[in-house]
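> sequence first, then the predicted structure, then my questions.
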Amino acid sequence: MKINIEPEIRILMKTKILLILCLLASATHAQFVTNSKRVADVYFQNKEYYAAAEYYKKALQISADSVGFVVPYGFESKIKEESPKREDFEYCTFQLAESLRLYKNTIDAEKWYAVAKDFTNPKYILSTFWYAETMRSNQKFDEAIGMFNEFLDKYKVKDSYTAKAKTEIASCKFALHELRYPRLFKLSRLQNNINDKGSNYTPTVRGGNFYFTSSRPVGTGGKKEILTDKNAKVAKKETPFLNAVYVASGNPMGGNISIKKTAVDGKDRESAAPAFHPNGKVAYVTSWTTTGNKKIYQLNATPGIGKDWSEPIELGNQVNVKGFNSMQPFVTSDGKYLIFSSDRPGGAGKYDLWYAAIRADGSLGVAVNMGNVINTSEDEQAPYYNNATKKLLYSSNGRVGMGGFDFFESEGDFTKWSEARNLGYPFNSSKDDLYFTPNNSTDSEGYISSDRESLCCLEIFYVKREVLFIKGTLLDCNTMKPLKDATITLSDSTQQFKVTTDEMGKYLFQVNSNRGFKLTAEKEKYFSKNIAFTYEQMAQRDTLFSPELCLIPYEIDKPIVLKDVLYEFNKAELTEDSKGKLDYLYTIMIDNPTIEIELSAHTDSKGKDAYNLDLSNRRAKSCVDYLVGKGIPLSRMTSKGYGETRPVAPNELPNGKDNPAGRALNRRTEFKVTKK
């Protein structure tokens, strides 16, 4: 059988010719430019934000020798002048602010947004939003709240910016509280050359080596590259700041560090965020080109051939979806799951966390979204999971927090996750905080990346969780003997811990917060008891001993005497001292919010039966009225007077004489639990 391929060849040749003509036409149309504004626009479109800022600065005719990006004196008056240049001035001012913000220079960006927020042209209305956000980033939380509210007053569109502004206001309030009550973390920036020029991030500890990503300058040999937009192009020296994976030997906290660039990079590609399989035979890395999407690649160990790892192999569509980004791989310590961040379709927002099962043969299952408990409408990135504690640590900029990317923690097993909680200040800052890696199995210390002390770029910090011990002993209030197997719960506004008392009634908590806690002791057939520890009690301590706790036993419908609850002579009114004694019952009712009680009063045998019954009814009611006045619902209480009908001791001695001690015991107030 003869196959005629000539038509296909002709079609292919015509296609190539057409493509060449299109490229020539494009090259003819896009001209090299020298105009500062147009050059700035090209850099901005290509995400070269620092270079864009420099050229917008030139376009605004700010002298080249001026310090940084300071707003010149009289600049605002110059913009307000009615002239043909006003539109260009406003445009370049806003774009300069945008470039500085996207370059993470929020200090200077704030100053230029302060000018742009007063522009009346609707296309600059977001200046107020970004002005508020840069103030928040610069820890001006009160001012940021006012500016976000100003933005909401004048921005009438109900979109993501409206929702984000409301979240930002809540975040500023959260941050103010966090700064007032710092949590138990200590952080220190690495002082050696791990933190070199450019960004330094994704710390990873493996086999005694410290891996990290850096965009530090590399030699370029004077090469050129062309940046273009639709109408213009610029020639510039190839950027010396290229992301690559580096390895440091020696103590990362010390000064004597040897650093070298690893050989995990594909040709003409940038790489970041290495992740190692526990079998030591496979590694994963994020890799990309200047114009391509970020994708996750696999590297296979190649021992004995002079090279540690094979060339990167692009993962399949289980992880990398064409036209979308997948990045920041993490492998669980049992080798069962690959977790990563991606903007692929099917997520809750921009970048979501996903996971794919790693099969026994090393192949990957289809990626599964980690769900709306973890993901938000914004970005979730940099996952870390501890198999022992079943805790997921990751960063998000879509929740209430200190600002930017914050660390959040959730407990789960890939089928169900607890609500993510913010790890607070100083673990988080008002800028970006990402990429936790531990030094030990308990996650009590490790490394993170943050730009909290930088004008522009991520740096690596050592972080250590400090521990506060809370300990005590639980007793039976009647026997004063230890209560074993009781449940002790320690909780604050965001977390809860439970332990069981041992044979000696002892309990111990190790917590990473000093925010103030409520401790609750519970045991069957005992009234529960609550104790509150304030921030002032807990601050500046490493161990807090609670006073010896005791629980009161009870049985349904078995009366308990309220000692020293007295009344005015021959009256139903409580004495002032007795009101204080009733507070004991009030505390029980508060600590045990589900119980219902009968409160009863009794008399001795002096006086007529009908009078004593009426008096005891009024006395019991006065006790209930007092508790209602303190906020206990009437529906949980009944009052009843028994008069002299239920004596607990003889009113007279066997010889017929009066028995004052017995009468005193009979004149009593009691309560009993009628319902749990």
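It's in.

> show me how this protein divides into domains.
Using automatic domain parsing, the domain parsing of the chain gives 30-182, 186-218+236-465, 468-551, 560-675.

> straight-line length of the third one, end to end?
Distance between the two ends of domain 468-551: 25 Å, counting by Cα to Cα, to the nearest Å.

> tell me the helices and strands packed up against the strand or helix carrying residue 614.
If you go by DSSP states H and E, residue 614 is part of helix 609-629. Applying 3 or more Cβ pairs under 8 Å, 6 or more residues apart in numbering; DSSP states H and E, one finds that helix 609-629 makes contact with helix 576-591, strand 596-601, strand 637-641, strand 669-675. C-beta coordinates here come from the backbone N, C-alpha and C atoms, glycine included.

> closest one to residue 439 among these?
Of all these, it is helix 576-591 that lies closest to residue 439, at 41.3 Å by Cβ to Cβ.

> residue 661 versus residue 604, what's the distance?
Going from residue 604 to residue 661 by Cβ to Cβ, to the nearest Å gives 11 Å.

> of the two, which one has the most company?
A direct count of neighbours by other Cβ atoms under 10 Å for residue 604 and residue 661 places residue 604 higher, at 21 against 10.

> quick one, helices of this protein?
6-29, 36-45, 49-59, 75-80, 86-102, 106-116, 126-137, 141-154, 160-180, 535-538, 576-591, 609-629, 660-666 (DSSP state H).

> identify the single longest strand in this structure, thanks.
strand 468-476 (DSSP state E).

> can you list the buried residues in that strand?
468, 470, 472-476 (16 or more other Cβ atoms under 10 Å).

> now do stretch 421-434
For stretch 421-434, the buried set under the neighbour-count rule, 16+ other Cβ under 10 Å, comprises 422-434.

> and stretch 245-252, what's its mean pLDDT?
The pLDDT scores in stretch 245-252 average 90.

> which ones are touching the residue most central in space within the chain?
By Cα atoms, centre = their mean, the chain has its centre lying nearest to residue 422, at 2.6 Å. Applying Cβ atoms under 8 Å, 6 or more residues apart in numbering, we find residue 422 in contact with 174, 399-402, 406-408, 428, 494.

> follow-up on the earlier one: and the helices and strands packed on helix 609-629, which is most packed in?
strand 596-601 (a mean of 22; mean count of other Cβ atoms under 10 Å).

> which residues does residue 279 contact?
Counting by Cβ under 8 Å, 6+ apart, residue 279 touches residue 335.

> residues near the residue nearest to residue 378 when sequence neighbours are not counted, how many?
Nearest residue to residue 378, sequence neighbours excluded (Cβ to Cβ, 6 or more residues apart in numbering): residue 398, at 2.9 Å. If you count neighbours by other Cβ under 10 Å, residue 398 ends up with 21.

> distance of residue 577 relative to residue 625?
In this view, residue 577 and residue 625 are 17 Å apart by Cβ to Cβ.

> now do the contacts for residue 444.
438, 464-465, 467.

> what would the buried residues of strand 468-476 look like in a markdown table with distance to residue 93 and pLDDT?
A markdown table is the format used below for the buried residues of strand 468-476 (distance: Cβ to Cβ, whole Å; pLDDT from 0 to 100):
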| residue | distance to residue 93 | pLDDT |
| --- | --- | --- |
| 468 | 50 | 85 |
| 470 | 55 | 88 |
| 472 | 62 | 90 |
| 473 | 67 | 93 |
| 474 | 66 | 94 |
| 475 | 71 | 94 |
| 476 | 74 | 95 |
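
> for the stretch 251-400 of the chain, which segments are assigned as strands?
258-261, 270-276, 282-288, 295-300, 313-314, 326-331, 337-342, 352-357, 368-369, 380-386, 391-396 (DSSP state E, counting those that start in this stretch).

> of those strands, which is nearest residue 483?
From the strands of the stretch 251-400 of the chain, taking Cβ to Cβ, the stretch that ends up closest is strand 391-396, at 31.0 Å.

> what is the neighbour count of residue 622?
21.

> contacts only, for the residue lying closest to it once chain neighbours are set aside.
For residue 622, ignoring the flanking residues on the chain, the nearest one in space by Cβ to Cβ, 6+ apart is residue 572 at 5.1 Å. Listed by Cβ under 8 Å, 6+ apart, the contact set of residue 572 reads 615, 618-619, 621-622.

> among those, who's most crowded?
That'd be residue 619 among the contacts of residue 572, by other Cβ under 10 Å, with 25 neighbours.

> give me the nearest residue to it, chain neighbours excluded.
Residue 619's closest residue in space is residue 601 (Cβ to Cβ, 6+ apart), at 3.8 Å.

> hmm, the one you found is touching residue 645, no?
No - with contacts counted by Cβ atoms under 8 Å, residue 601 stays clear of residue 645, the gap being 11.8 Å.

> read off the pLDDT value for residue 59.
Residue 59 is assigned 89 on the pLDDT scale.

> just checking, residue 526 touches residue 554?
Yes - between residue 526 and residue 554 there is a contact under Cβ under 8 Å: 7.0 Å.

> just confirm residue 609 contacts residue 641, I think it does.
No - using Cβ under 8 Å, residue 609 is not in contact with residue 641, being 11.6 Å away.

> so which of the buried residues of stretch 421-434 sit within strands?
422, 433-434.

> which one of the residues you listed is nearest residue 351?
Of those, the one sitting nearest to residue 351 (Cβ to Cβ) turns out to be residue 434, at 11.7 Å.

> show me what the closest one is bridged to.
Beta-bridge partners recorded for residue 434 (DSSP bridges): residue 449.

> tally of neighbours for residue 145?
The burial count for residue 145: 20, using other Cβ under 10 Å.

> count the residues that sit near the closest residue to it other than its chain neighbours.
Closest residue in space to residue 145, ignoring its immediate chain neighbours: residue 172 at 4.8 Å, by Cβ to Cβ, 6+ apart. Applying other Cβ under 10 Å, we find 26 residues neighbouring residue 172.

> surely residue 172 and residue 148 touch.
Yes - assessed by Cβ under 8 Å, residue 172 is found in contact with residue 148 at 7.5 Å.

> find me the pLDDT at residue 454, would you?
According to the model, residue 454 scores 88 on pLDDT.

> for it, what are phi and psi?
Main-chain torsions, residue 454, degrees, to the nearest 10: phi -120, psi 150.

> how many residues are close by it?
Count around residue 454 with other Cβ under 10 Å applied: 17.

> which residue packs closest to it, ignoring adjacent ones?
residue 104 is the one closest to residue 454 (Cβ to Cβ, 6+ apart), at 7.6 Å.
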